[in-house]
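Enquirer: Provided below are the primary sequence and the corresponding predicted coordinates.
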Amino acid sequence: MKKNFPFHMVTNSPWPIILSFSFLNTLISTVIWIYSSISMFMILNFINSILIMML
């Protein structure tokens, strides 16, 4: 059976959901940093987000 679509079908990728969880974690870490001055989590999550975007 031939499938013709008028649009391009892309393959599924795990990176968008991983990046969205990373951004959520960065947001939570920013709130922790504002209230308790612990910036290590925020910096690590920001670096993690940058690395995921480079993939």
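Expert: Noted; the coordinates are in hand. Numbering: from 1, shown residues only.

Enquirer: off-centre distance for the longest helix along the chain?
Expert: Across the chain, the longest stretch assigned as helix under DSSP state H is helix 15-36. Its chain's C-alpha centre and that of helix 15-36 lie 9 Å apart, by Cα atoms, centre = their mean, to the nearest Å.

Enquirer: same thing with stretch 27-43?
Expert: Centroid separation between stretch 27-43 and its chain, computed with Cα atoms, centre = their mean, is 17 Å.

Enquirer: for the next helix or strand after the longest helix of the chain, list every residue counted as buried.
Expert: Counting by DSSP states H and E, the next helix or strand C-terminal to helix 15-36 is helix 40-54. Buried residues in helix 40-54, counting neighbours by 16 or more other Cβ atoms under 10 Å, are found at 42, 45-46, 48-49, 52. Quick note: C-beta positions are derived from backbone N, CA and C, even for glycine.

Enquirer: export the residues you listed as TSV, with columns for distance to residue 36.
Expert: TSV is the format used below for the buried residues of helix 40-54 (distance: Cβ to Cβ, whole Å):
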residue	distance to residue 36
42	11
45	15
46	17
48	20
49	21
52	26
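
Enquirer: so who does the residue nearest to residue 42 when sequence neighbours are not counted touch?
Expert: Nearest non-adjacent residue to residue 42, counting by Cβ to Cβ, 6 or more residues apart in numbering: residue 29, 4.1 Å away. Residues near residue 29 by Cβ atoms under 8 Å, 6 or more residues apart in numbering: 41-42, 44-45.

Enquirer: if we can go back for a sec, now the longest helix of the chain against helix 40-54, angle please.
Expert: 160 degrees (axes from the mean of the first three to the mean of the last three Cα atoms, to 10 degrees).

Enquirer: roughly how far does residue 32 sit from residue 47?
Expert: Here the criterion is Cβ to Cβ, to the nearest Å. By it, residue 32 lies 16 Å from residue 47.

Enquirer: and what of residue 18?
Expert: Noted for residue 18: a distance of 14 Å to residue 47, by Cβ to Cβ.

Enquirer: that older thread, now the longest helix of the chain: buried residues?
Expert: Across helix 15-36, burial judged by 16+ other Cβ under 10 Å covers 22, 25-26, 29.
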